[in-house]
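**Student:** What would the 3D arrangement of this be:
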Amino acid sequence: VITDIKTKEVMYEKLNMIYVEIPKFKKQKTELSNHLEWWLYVFQNLNKMTDIPNELKGDVIEQAFEKAEFIRLPKMEQDKYHQNLKVYRDLVNSFDTANQVGFEKGIEKGIEQGKFEEKLEIAKNLLLAGVSIELIVTTTGLTIEEIKALP
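**Tutor:** This is a model prediction of the structure:
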């Protein structure tokens, strides 16, 4: 329980809010004993901090530090970052789309190749059975040249 922070509870039928007055939080870094106190300490001192406290490494608070570092950048640098991020995302989307289209075309080509090879196999079997080339052309849709080229 935090005793030196003034909180105000407001109760509604389906809503419970707690207001924390961070300026009234007076603990020093050495006095912090739980996660909430660390958060309050960070919020109160974020503008003075240059590194994430070891106690919070790997915590979600790292994201807050990253955001604070970004916000500290000049507007021009932030705009450059957003432009670069947009270019990066556009490239990723372009590559993803190209891969998907290439994959789909590869599947279509593979299916067509498989159908053609199946026709060749049928034609070969019909030739071995003594069926006329004209009937094989009609049955398989292959050309006379394709049938004559069979081994």
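
**Student:** what about the spatially closest residue to Pro23 that is not a sequence neighbour, neighbour count?
**Tutor:** Spatially, and ignoring its direct neighbours in sequence, Pro23 is nearest to Gln44 (7.4 Å; Cβ to Cβ, 6 or more residues apart in numbering). No exception for glycine: its C-beta is placed from N, CA and C like everyone else's. Using other Cβ atoms under 10 Å, the number of residues around Gln44 comes to 15.

**Student:** what about Gln44, helix or strand, and which?
**Tutor:** Using DSSP states H and E, Gln44 maps to helix 35-45.

**Student:** so what does the lengthiest helix in the chain touch, helix or strand wise?
**Tutor:** Taking DSSP state H as the criterion, the chain has its longest helix at helix 75-128. Secondary-structure packing of helix 75-128 (3 or more Cβ pairs under 8 Å, 6 or more residues apart in numbering; DSSP states H and E): helix 61-72, helix 133-140, helix 144-148.

**Student:** Now with 6 Å, please.
**Tutor:** In terms of contacts (3 or more Cβ pairs under 6 Å, 6 or more residues apart in numbering; DSSP states H and E), helix 75-128 is packed against helix 133-140.

**Student:** How far away from the center of its chain is the helix it packs on?
**Tutor:** Here helix 133-140 is found 52 Å from its chain centre; the criterion is Cα atoms, centre = their mean, to the nearest Å.

**Student:** Quick check: buried residues in that helix?
**Tutor:** By neighbour count with 16 or more other Cβ atoms under 10 Å, helix 133-140 contains the buried residues 136, 140.
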